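In: Need a 3D model of the following:
(chains A and B)
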Amino acid sequence: MSVSPFGVLGSAPVLAGLDPPYWAATLIKVGVVAVLVPTTALILGIVFLFKVMSWMQSRLGPQEAGPKGLLQLLADGAKFIQKQDIIPDAADRFVFKVAPMVVLISTFLLYVIIPAGPSVVVESLDTGVFFALAMSSVSVIGILMAGWGSANKFALMSGIRAAGQLIAYELPMVLAVVGVVIQAGTMNLNGIIAAQADFKLFGVVPFPLFLLTQFPMFLVFLAAAQAELTQPPFDMPVAESELVGGYQVEYSGFRFLFFFMGEFATAFAFAALASVLFLGGWSLPFVASNSDLYTSTAFWLIGPAVLFTKIMLVSFLIFWFRFTYPRFREDQLQKVCWKYLIPTCLVWVSFTAIAKVVW
Amino acid sequence: MPKKPQIPGKGMFIGLGVTFKEMVNTLKPDSKGGGPVTVQYPHEKEEPAPRSRGVITLFEENCTSCMLCARECPDWCIYIEAHKYLAPPRREGGKPRQKNALDRFSIDFSLCMYCGICVEVCPFDALFWSPEYEYSEFDIKNLLHEKERLGEWFETVPDFEPYEAGSEQKVKKVPG
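Out: Here you go, the predicted structure:
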């Protein structure tokens, strides 16, 4: 599997003419990610948390701020920034202050490897998926730090629950990705997209997505992503009715905003990963990876648009599950992971491996 | 009867269907029987039930300043001030009648708990319930409604509605 047609941002046509020095290219990349993270969090928050959730509960959601209430989240963000930054007396001040940043940094790092086009990617790593999974687990440390640093028993319980849950659900997530990686033969995300664009079931049926062959893994990945986001039905760590918000309970102002942004930006990143791994990312269906379309200048816009559409579809699934199902009990939560998701993954991974060797 | 075997996880799909159907229904235009169940309050208003307890109104002519309402009020939120005066006799050569003139009648709606005892207890039908509810204020002292304001509400008091059919039998059961 060749990944040669896919470059990195530094060698991309737009920047190639300028040929920026390393520091300038790095600065641009950091800027792009720093803009993308809050923007995507905003989009998901408004579209799904405010609007789709409201519709599913037979109401309209925010109506007053901006046209149809679309600027409500901006207003909320401005409100959070104005609020006092309260740190409890007994808190471990440094740990308490740093925890939201650790969570947000893990989100930032997820955005680094997601390709939005053949060359629209911040860093095209050969170990792309591996990097993504490793970075998504960094948030566990941040949540544990928040739980410990708050000097609050509810926060601590929540931190421990979160650690137990996030570490448990890492496994099905990794295994779900393993199936895709085996089928694609590469861990580079652009390579996986190229493999999907050229993929033909049994060599004849043109079905250019891994969704068909890896469908159980897609479901497992969504469930695991839901758990990693600590969203309902896997929101035991933040269970507001018993832990009053869990590790977020002592946070106010912009630190709370960081957690909020981290949650939704991570949801976007996981949706992006799911669409890259299972839905062919930026590639269009039935267009092979060596097509001229992918190297054309217009694809600089088409690629991100295609990816964005797929991300919104996957996000809709994620948030649809979130708004539908009630919370799991702690033991049920672990049972779902260890007794159902992981065995499913193991069976499907071995099936994929056998199929890969046979065909 | 043995239970029919169920498809495992069937309920999960039913749940998803419920939320999806609700979303589609909310987005449908009103003309097709869709729309949200909520009312966009400041822009559109719900019609309150005619007997709902919104605000207490005063029909000043009927008030004799008997003070029953003020005394029965559990919150002591009714203030009445009155003075006595001599009205001309009804018949030629009769004695002048002593009457009460109402100087002040006010209800402090920041104290009122809307129990309606004053309306119940009024023997002269001077107090009524009105379904109006929009009289919030920026300053708590403005919730003290004087008799002029209480009188303005009187126009909004709904007409007495006849009892529903069949309720007379119930009335007859009451001895006396």
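
In: what does the stretch 201-350 of chain A put close to chain B?
Out: Within the stretch 201-350 of chain A, the residues that sit near chain B (CB under 8 Å from any CB of the partner chain) are A:W320, A:F321, A:F323, A:T324, A:Y325. In this view, the C-beta of every residue, glycine as well, is placed from N, C-alpha and C.

In: hang on, isn't the first one packed against B:T19?
Out: Translated: A:W320. Yes. Under the criterion of CB atoms under 8 Å, A:W320 lies in contact with B:T19, with a separation of 6.6 Å.

In: which residues do the two both contact?
Out: Here A:W320 and B:T19 share the contacting residues A:M56, scored by CB atoms under 8 Å, 6 or more residues apart in numbering or on different chains.

In: for the residue nearest to A:P172 when sequence neighbours are not counted, what are its contacts?
Out: Leaving out its chain neighbours, the residue that sits closest to A:P172 by CB to CB, 6 or more residues apart in numbering or on different chains is A:L341, at 3.9 Å. Under the criterion of CB under 8 Å, 6+ apart, the contact partners of A:L341 comprise A:Y169, A:P172, A:V220, A:A223, A:A224.

In: Going by neighbour count, which of these comes out on top?
Out: The most crowded member of the contacts of A:L341 is A:A224, carrying 28 neighbours; neighbours defined as other CB atoms under 10 Å in any protein chain shown.

In: out of the residues of the stretch 201-350 of chain A next to chain B, which is most surrounded?
Out: For those, neighbours were counted using other CB under 10 Å, and A:F323 has the most, 22 neighbours in all.

In: Just the element for it, please.
Out: Assigning secondary structure by DSSP states H and E places A:F323 in helix A:299-324.

In: Give me the distance from the helix or strand hosting A:F259 to the chain's centre.
Out: A:F259 belongs to helix A:253-278 when assigned by DSSP H and E. The chain centroid and the centroid of helix A:253-278 are separated by 5 Å under CA atoms, centre = their mean, to the nearest Å.

In: Repeat that for stretch A:229-246.
Out: Centroid separation between stretch A:229-246 and its chain, computed with CA atoms, centre = their mean, is 19 Å.

In: average model confidence for that stretch?
Out: Averaged across stretch A:229-246, the pLDDT comes to 82.

In: Could you grab the helix/strand/coil label for B:Q98?
Out: Using DSSP: H, G, I helix; E, B strand; the rest coil, the three-state assignment for B:Q98 comes out as strand.

In: ditto for B:Y85
Out: For B:Y85, the reduced secondary structure class is strand; criterion used: three-state DSSP.

In: got the contact list for the helix ranked longest in chain B?
Out: In terms of residue count, the longest helix belonging to chain B (DSSP state H) is helix B:10-27. For helix B:10-27, the external contacting residues (CB under 8 Å, 6+ apart) are A:52, A:54-60, A:320-321, A:323-325, B:34-36.

In: List the buried residues for it?
Out: Neighbour-count burial for helix B:10-27, with 16 or more other CB atoms under 10 Å in any protein chain shown as criterion, is recorded at B:L16, B:T19, B:E22, B:M23, B:N25, B:T26.

In: Likewise for stretch A:273-293?
Out: A:L273, A:A274, A:S275, A:V276, A:L277, A:F278, A:L279, A:G280, A:G281, A:W282, A:S283, A:S289.

In: and what of stretch A:37-51?
Out: By neighbour count on 16+ other CB under 10 Å, the buried set for stretch A:37-51 is A:37, A:40-51.

In: what about whichever residue of the stretch 151-300 of chain A sits closest to chain B, which SS state?
Out: The nearest approach of the stretch 151-300 of chain A to chain B comes at A:P233, 9.9 Å away (CB to the nearest CB). The three-state label for A:P233, taken from three-state DSSP, comes out as coil.
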